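*Asks:* A structural model of the following input is requested.
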Amino acid sequence: MPYLNVFSNCKLVRGNGMSLICDLQMRKYFHIPNDMAAVLDYLSKHPVEACYTEFGISNKSTINSYIQFMIKNDLGFLDDQIMPELVPLSMEWDAFSPITNVIIELDQALPYESGFIQQLIQLNLSALEIRCYNEITFEKLTSFLALFDASTLTSIKIILKWSVWCTESVLGKLVDQYLRVHQIMLHTAPKDQVFKFFGDTVSLIYSQAVLDSCLQCGNIQPAYFMTNVELFTESQQYNTCLNRKLSIDRNGYIKNCPSLSRSFGHINDAQLDAVLADPAFKEHWFTKKDDIAVCRDCEFRYVCTDCRAYVEDPADPYAKPLKCGYDPYANVWEDWSTNPLKQQAIAYYGLETKALD
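*Replies:* As a prediction, this is how the structure comes out:
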C-alpha cells in the first residue's frame, strides 16, 4: 500500500484562502489550493488508499493529480511506508552575532570612517546594504567599501544615485575588486536596463526611478520573497526585517531602520555595546509574522520580509504593513497606494508625493 513521502525541506504553510509549499533546498515555492493542503496533511500519516476513503472516491483523480504534482516537482515520492529517515527539519534559528545585517545611508559629507563603524566591522556581519540618495564620488564609495575588506560579510548591495562615472566598465572593475558586492542599483539613471557580471551572479540595474529618501522603502511584493531555510526558520520566532539589524541614517544617527524615527545615538559619540544593551533597540526583533494582523492569515508569511516602519495603523505595533497590496482572504494583489482604507496612514507618513512602487 503506497504512502506519499514529502521531503523534509518542503514545508507546507496554510493561509486563509490558499496555501504554499516552500522548497527550502531549491529555494522556490508553489501556490496551491487549501484543498490540496488538506490532502497533503492527511497523506503525511495515512496511505493513499485511505485518502480516497477519507475524501471520497469521487475525488480519486484529483487526489492522484496532487500526488503526481508532488512527484513531478521533486517535492516527494511514493513508497510502501512513511520513511523514518525523513527527519523533520528543525525550525530553530540562531546567529553568531548580535547584529547580522546593516543598512548605511552613505553621504558624501558624513565621516563614516568613525570608531562606531570599526566596532561594527568587528562583529560577524553577514550582509550590508549601502544606500546613496545623493551623488557620491567613486573615491568615497571605494574607500568605504575598503573598510570591510577583512570583515565576515558575505554580501553587499549598493544603491547609488547615477553619476557620469557610473559606467558598466567602471562598475564592473569595482565588482571585480570587491567580490562581496552582489548587486548594484543605480536610481535616477537616464535609462532602464539590467546587466549581469560574473556568470550572471552579480546584477547591475539602471532605473529611471528617483530614490531620494527612505520613505520609498518597505514595499511588499512577490519579487522580494525569499524561499530559504534561513528566512523560513528566522520568521518562526523573529521579525524578518528588523531582527539583528542595525542602520545608520544619512545624518549619522543609529536606528533599527532608517525609516523609523527613534534613534539610539550618533556614530560620532555612541558606543556599539551601549546600543546593543538598550532593551528598546531589540523591541521590534520579536514581532514575528504570526503576531501581525492579516499577515498571520497569509500563506506568504514565512517567505516575506516584514516592515514595521510603515503600517496600516501607526498606533498598532502589530498592524499589517502599509505597503502590502495582498489580500490573503481574496487571494488577490492590488495597488496598495490607491486603497481608500490606507489613505489616512499614507498621509500620516507623508507618502503622498513619493514614488509608491
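
*Asks:* Now for residue 292, how many residues are close by?
*Replies:* Using other Cβ atoms under 10 Å, residue 292 has 22 neighbouring residues. C-beta here means a position set from N, CA and C on the backbone, and glycine is covered the same way.

*Asks:* Double-check that residue 230 belongs to a helix.
*Replies:* Yes. Counting by DSSP: H, G, I helix; E, B strand; the rest coil, residue 230 falls inside a helix.

*Asks:* Near the residue nearest to it when sequence neighbours are not counted, how many other residues are there?
*Replies:* Residue nearest to residue 230 in three dimensions, not counting chain neighbours: residue 93, with 7.7 Å by Cβ to Cβ, 6 or more residues apart in numbering. For residue 93, the tally of surrounding residues (other Cβ under 10 Å) stands at 16.

*Asks:* Kindly confirm my reading that residue 93 is in a helix.
*Replies:* No. Using three-state DSSP, the assignment for residue 93 is coil, not a helix.

*Asks:* so what secondary structure elements neighbour whichever strand or helix holds residue 141?
*Replies:* Secondary structure from DSSP states H and E places residue 141 in helix 138-146. Packing partners of helix 138-146 (3 or more Cβ pairs under 8 Å, 6 or more residues apart in numbering; DSSP states H and E): strand 127-131, strand 155-161, helix 168-177.

*Asks:* again, only using 7 Å
*Replies:* Packed against helix 138-146, as judged by 3 or more Cβ pairs under 7 Å, 6 or more residues apart in numbering; DSSP states H and E, are no other helices or strands.

*Asks:* quick one: that helix to chain centroid distance?
*Replies:* 26 Å (Cα atoms, centre = their mean, to the nearest Å).

*Asks:* how near is the closest residue to residue 121 other than its chain neighbours to residue 37?
*Replies:* Leaving aside its sequence neighbours, residue 121 sits nearest to residue 151 (Cβ to Cβ, 6+ apart; 5.1 Å). Residue 151 sits 42 Å away from residue 37, going by Cβ to Cβ, to the nearest Å.

*Asks:* quick one, which of these two is more surrounded?
*Replies:* More crowded of residue 151 and residue 37, by other Cβ under 10 Å: residue 37, with 20 against 17.

*Asks:* so that one touches residue 14, yeah?
*Replies:* Yes. Using Cβ atoms under 7 Å, residue 37 makes contact with residue 14 at a distance of 5.6 Å.

*Asks:* Just want the most central residue of this protein.
*Replies:* residue 305 (3.6 Å; Cα atoms, centre = their mean).

*Asks:* Run a quick check on the residue nearest to residue 230 versus residue 233, I expect a contact.
*Replies:* Yes. Taking Cβ under 7 Å as the definition, residue 93 is a contact partner of residue 233 at 4.2 Å.
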